[in-house]
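Sequence and predicted structure below; questions after.
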Amino acid sequence: MTIRVLICDDHRIVREGIKQILAEASDLRVMGEAANGPEAIQQVRAGAAAGSGPDVVLLDIAMPQRDGLDILKALRSEFPKLPVLMLSTYPDRQYAVRSLKLGAAGYLNKSADSEQMIDAVRTVARGRRFITPSVAEHLAAAIGDGFAADDTVPLHEVLSHREHQVFQMLVAGRSVGEIAEQLVLSSNTVSTYRARILEKTGVRNDVELTLFAVRRELLAP
């Protein structure tokens, strides 16, 4: 059986690289590409309506307009049986557990070799979870510690999805107004998220929050 794959990544060179890797497997076929999340959703809807939608979606986490985790939530809501394999350049500890909690079928770092990527696509297409040993360790630690906010547990795992988005933008130097515009929220709402983040991290201002992120290696590359 041929497995139809939709690739969603905002970098064309990355999409081309993934296509070359998947072309090594005769049972895998790239049926479409998307440069952003809304485009991916549109292609999945169109394919589903035509009876030829993807069997697996490869979805990058860091994308413009709406990030991959937002798109993951939307796809899981509208197409709950569609396996979504998250791709990322971030350290596994930063997004892997969060992705799985939101319903991803698997999480794979873009540095993975071609055999592992092909195996991951085949695994999730069969309805199984694809979890690397590294991700399994972080998942076990997260479950065991209950996402407690202490010095041994990545505190960003305690933040809600939206709080984590705001957190990443704050430590990147974005203002409340800029964050509100990008996330299509009011400045008051963003300020509320910021207050919650400061409380959960135990810091007093954005400078200390950035230092917190640096010390815990939570800054986006």
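Looks like it arrived, so ask away.

Count residues in the vicinity of residue 123, would you?
18 (other Cβ atoms under 10 Å). Quick note: C-beta positions are derived from backbone N, CA and C, even for glycine.

what's the weakest-modelled helix or strand in this protein?
helix 133-145 (a mean of 66; mean pLDDT, DSSP states H and E).

Would you map the strands across this structure?
3-8, 28-34, 56-60, 84-88, 106-109 (DSSP state E).

Give me whichever of the ones you listed is most buried.
Among these, strand 56-60 has the highest mean neighbour count (mean count of other Cβ atoms under 10 Å), at a mean of 27.

Which parts of this structure are helices?
Here the chain has its helices, by DSSP state H, at 12-22, 37-50, 68-78, 92-101, 114-125, 133-145, 161-171, 176-183, 187-201, 206-215.

mind checking which of those helices is nearest residue 86?
Of all the helices of the chain, it is helix 92-101 that lies closest to residue 86, at 4.4 Å by Cβ to Cβ.

Tell me the helices and strands packed up against the closest one.
Under the contact criterion of 3 or more Cβ pairs under 8 Å, 6 or more residues apart in numbering; DSSP states H and E, helix 92-101 touches helix 68-78, strand 84-88, strand 106-109, helix 133-145.

Which strands or helices does the third one pack on?
Yep, that's strand 106-109 we're talking about. strand 84-88, helix 92-101, helix 114-125.

Quick check, central residue of the protein?
residue 61 (3.5 Å; Cα atoms, centre = their mean).

Please list all residues in contact with that one.
Contacts here follow Cβ atoms under 8 Å, 6 or more residues apart in numbering; on that basis residue 61 touches 67-69, 86-88, 90, 95, 99.

Kindly report the same for residue 79.
Contacts of residue 79 (Cβ under 8 Å, 6+ apart): 44, 48.

What backbone torsions are found at it?
Main-chain dihedrals, residue 79, degrees, to the nearest 10: phi -130, psi 70.

circling back: out of the helices and strands packed on strand 106-109, which gets nearest to residue 165?
Using Cβ to Cβ, the nearest of those to residue 165 is helix 92-101, at 10.9 Å.
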